[in-house]
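1. please work out how this folds:
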Amino acid sequence: MDAARTAYRGVMTFGKVKKGMNVGIIGFGGLGSLGAQIAEAQGAHVFVAEANKATWDRVTAGGAGGVSADIRDFADKGLDVIVDFAGFGTTTAQAVEAIKQGGTIVQIGLAREEATISTQKITMKEITLVGASNGEKSEAVAVLDLIANGSLSSLTVPITFEQIPEYIAKLAKGDVTGRAVALY
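-> Presented below is the predicted three-dimensional model:
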């Protein structure tokens, strides 16, 4: 719920995604994969930038219009909104380059504290750059509705409590697809 509510806040509350929009999603992890589903449920065309090529089949199977390691590869798609779920600084700078004139970039990912971005491009392209965090009760209700109607689900990997140290190490290396869930 927490991850989906955060993704919903970025895509819907601050991104204001609507049917027919072209939406860029940077990062297809726990939050980004949910954000892509939320945008698709609104009828948006989704394009995903994800460095981990092991997830690309899952991205395209989910209905994305394209997947690449760099969001700039979709600059020709007229991206109305880009949601940066990674936040590596470089990803934010790439979003500034890729977004269309008058577009919106929503920053959620916090992998790095700072980013070097072109203020000239932000000004000349009249970009809106906004940060989004967790969420509110009304967004939680909207997420529950998406789950109930089958538009939203998380990929989970069931593990035992004994496997937790192994999966923490895998997470540190970026080797986990989906969310590891320890079952009791």
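
2. just checking, Gly35 touches Ile25?
-> Yes - between Gly35 and Ile25 there is a contact at 5.5 Å, judged by Cβ atoms under 8 Å. Just so you know, the C-beta spots here come from the backbone N, C-alpha and C atoms, and that holds for glycine as well.

3. shared neighbours, the two?
-> Taking Cβ atoms under 8 Å, 6 or more residues apart in numbering as the contact rule, Gly35 and Ile25 both touch Val83, Phe85.

4. tell me where this protein has helices.
-> Taking DSSP state H, the helices of the chain run over residues 2-8, 30-41, 56-61, 90-98, 119-124, 137-148, 164-173.

5. just say which of those helices is most tucked in.
-> helix 30-41 (a mean of 25; mean count of other Cβ atoms under 10 Å).

6. I'd like the helices of the chain as CSV, with mean pLDDT appended.
-> Shown next, in CSV, are the helices of the chain (pLDDT from 0 to 100):
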stretch, mean pLDDT
helix 2-8, 92
helix 30-41, 95
helix 56-61, 92
helix 90-98, 97
helix 119-124, 97
helix 137-148, 94
helix 164-173, 90
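
7. dump the ones you listed into JSON lines; add distance to Glu50 as well.
-> Below are the helices of the chain laid out as JSON lines (distance: least, Cβ to Cβ, whole Å):
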{"stretch": "helix 2-8", "distance to Glu50": "15"}
{"stretch": "helix 30-41", "distance to Glu50": "7"}
{"stretch": "helix 56-61", "distance to Glu50": "6"}
{"stretch": "helix 90-98", "distance to Glu50": "10"}
{"stretch": "helix 119-124", "distance to Glu50": "23"}
{"stretch": "helix 137-148", "distance to Glu50": "22"}
{"stretch": "helix 164-173", "distance to Glu50": "16"}
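
8. OK, contacts around the closest residue to Ile108 other than its chain neighbours?
-> Using Cβ to Cβ, 6 or more residues apart in numbering and skipping residues adjacent in sequence, the residue nearest Ile108 is Gly10, 4.7 Å away. Contact partners of Gly10, counting by Cβ under 8 Å, 6+ apart, are Leu31, Gly35, Val83, Phe85, Val106, Ile108, Ala132.
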